[in-house]
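Colleague: Generate coordinates for the sequence data below:
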Amino acid sequence: MLILTRKMGESIVIGTNREIEITVLNINGNQVRLGVVADKDIPVHRDEIYRRIQKTQQNTRQQKEKIAYAIPEDLI
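Modeller: Have a look, this model is predicted:
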């Protein structure tokens, strides 16, 4: 893990062509507000949202597999 120190208003840049830029917008106690600039095709999520999306996608795949196994092969 790379650990960087930034002050309010300072940024870090990810990618050789500045694909992602993260700026510290506000610091209030133990809470830090970040701004993220990225192309529309780069998904940006908070970790808990990302994990929920992954779990939902996994559940969907499992349901599709169950359905596929339940269909007799002569009907496929």
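Colleague: from here on, contacts and neighbour counts on C-alpha atoms
Modeller: Noted.
Colleague: ranges for the strands of the protein?
Modeller: 11-14, 20-28, 31-38 (DSSP state E).
Colleague: For T56, which of those is the nearest?
Modeller: T56 lies closest, by Cα to Cα, to one member of these: strand 31-38, at 24.3 Å.
Colleague: what residues does that closest one touch?
Modeller: Defining contact as Cα atoms under 8 Å, 6 or more residues apart in numbering, one finds that strand 31-38 is touched by E19, I20, E21, I22, T23, V24, L25, N26, I27, V44.
Colleague: Just the buried ones from those, in PyMOL syntax?
Modeller: Filtering these down to the buried ones (16 or more other Cα atoms under 10 Å) takes a single PyMOL command:
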select buried, resi 20+22+23+24
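Colleague: could I get the contacts of strand 31-38 as TSV with distance to A38 and pLDDT?
Modeller: Shown next, in TSV, are the contacts of strand 31-38 (distance: Cα to Cα, whole Å; pLDDT from 0 to 100):
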residue	distance to A38	pLDDT
E19	6	93
I20	5	96
E21	7	97
I22	9	97
T23	12	98
V24	15	98
L25	16	98
N26	19	96
I27	22	95
V44	8	93
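Colleague: Make TSV out of the contacts of strand 31-38 and add distance to R61.
Modeller: Formatted as TSV, the contacts of strand 31-38 follow (distance: Cα to Cα, whole Å):
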residue	distance to R61
E19	31
I20	30
E21	33
I22	33
T23	36
V24	37
L25	38
N26	40
I27	40
V44	22
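Colleague: From E10, how far off is the residue nearest the centre of the chain?
Modeller: With distances taken as Cα atoms, centre = their mean, H45 lies nearest the centre of the chain, 3.7 Å away. Separation of H45 from E10 (Cα to Cα, to the nearest Å) stands at 21 Å.
Colleague: same thing with A38?
Modeller: In terms of Cα to Cα, A38 sits 16 Å off from E10.
Colleague: between those two, which one's more packed in?
Modeller: Using other Cα atoms under 10 Å as the criterion, A38 and E10 rank with A38 on top: 15 against 11.
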